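Chemist: have a look at this fold, sequence not included:
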């Protein structure tokens, strides 16, 4: 089974996420938060409670978590309604190729509940993936969610594709190797393989013995 991170690996949704969060904060508080895509990119991969602490630390804990939750819900709706977020080059063509080869695929992310569904809905990606899991639904670590997805699909051999060091750390903690999506948002120092573009994935999977 090939399991993918989402942000920085399959798509880039930092611009619409920024738009939606600024809109929601303005509506709820009257405050011009001034979030930028660069700020959103820097926190992607973190769990939503940590993101709330970083972005809204000026608020008391209950208020910051409530505001972040409202942002999450509005963000999911915004992504679907606007069909926003941009797939990285070669994503759909490569996923279709892997599916035709009989590869089982899933998505695991540290995102809020509903975010992966928003991705699947907005980009019509359901046909490529057999399962997904997210921190917001289980409140488990990424490593635990990787294992959860593998176990409930009766898969004992997996590999994770991500773009930041935390992805590699989580994959190794789950007992699977990692492929570094080098075009993504961060750096990985200990991945077993690297793809410079998404379309490189089948060749790297073959090199690593997964095809």
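Modeler: Nice, I can see it. Keep in mind that what you see is a predicted model, and the values were worked out from it rather than measured.

Chemist: quick one: the helices in the chain?
Modeler: Counting by DSSP state H, the chain forms helices over residues 14-29, 37-43, 48-55, 61-82, 91-100, 115-122, 135-138, 142-152, 165-173, 201-207, given from the N-terminal end onward.

Chemist: could you list every helix and strand in contact with the shortest one?
Modeler: In this case it means helix 135-138. helix 142-152 (3 or more CB pairs under 8 Å, 6 or more residues apart in numbering; DSSP states H and E). From N, CA and C alone the C-beta is placed, and that goes for glycine too.

Chemist: and the residue of the chain most remote from its centre, how close does it get to residue 24?
Modeler: Outermost residue of the chain with respect to the C-alpha centroid, by CA atoms, centre = their mean, is residue 30; its distance is 29.7 Å. Residue 30 sits at a distance of 12 Å from residue 24 (criterion: CB to CB, to the nearest Å).

Chemist: can you check residue 178 too?
Modeler: Spatial separation of residue 178 from residue 24 under the definition CB to CB is 34 Å.

Chemist: neighbour count winner among the two?
Modeler: Neighbours of residue 178 and residue 24, each counted by other CB atoms under 10 Å, are more numerous for residue 178; the result is 25 against 20.

Chemist: mind listing what that one touches?
Modeler: If a contact means CB atoms under 8 Å, 6 or more residues apart in numbering, then residue 178 has 159-162, 167-168, 171-172, 188, 190-193 as its contacts.

Chemist: buried subset of those?
Modeler: Among the contacts of residue 178, those scoring as buried are 159, 160, 161, 162, 167, 168, 171, 172, 188, 191, 192, 193 (criterion: 16 or more other CB atoms under 10 Å).

Chemist: between the residues you listed, which is closest to residue 127?
Modeler: Closest approach between the buried ones among the contacts of residue 178 and residue 127, by CB to CB: residue 161, at 18.5 Å.

Chemist: quick one: the closest one from residue 121, how far?
Modeler: With the distance defined as CB to CB, residue 161 ends up 21 Å from residue 121.

Chemist: repeat that for residue 180.
Modeler: Using CB to CB, one obtains 28 Å as the distance from residue 180 to residue 121.

Chemist: which of those two has more neighbours?
Modeler: Under the criterion of other CB under 10 Å, the comparison of residue 180 against residue 121 puts residue 180 first, with 26 against 15.

Chemist: tell me who's in contact with that one.
Modeler: Residue 180 is in contact with 162, 163, 168, 188, 191, 193, 194, 195, counting by CB under 8 Å, 6+ apart.

Chemist: same list, those residues, but as JSON lines with distance to residue 114 please.
Modeler: Written out in JSON lines, the entries for those read as follows (distance: CB to CB, whole Å):
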{"residue": "162", "distance to residue 114": "21"}
{"residue": "163", "distance to residue 114": "22"}
{"residue": "168", "distance to residue 114": "26"}
{"residue": "188", "distance to residue 114": "27"}
{"residue": "191", "distance to residue 114": "29"}
{"residue": "193", "distance to residue 114": "31"}
{"residue": "194", "distance to residue 114": "31"}
{"residue": "195", "distance to residue 114": "28"}
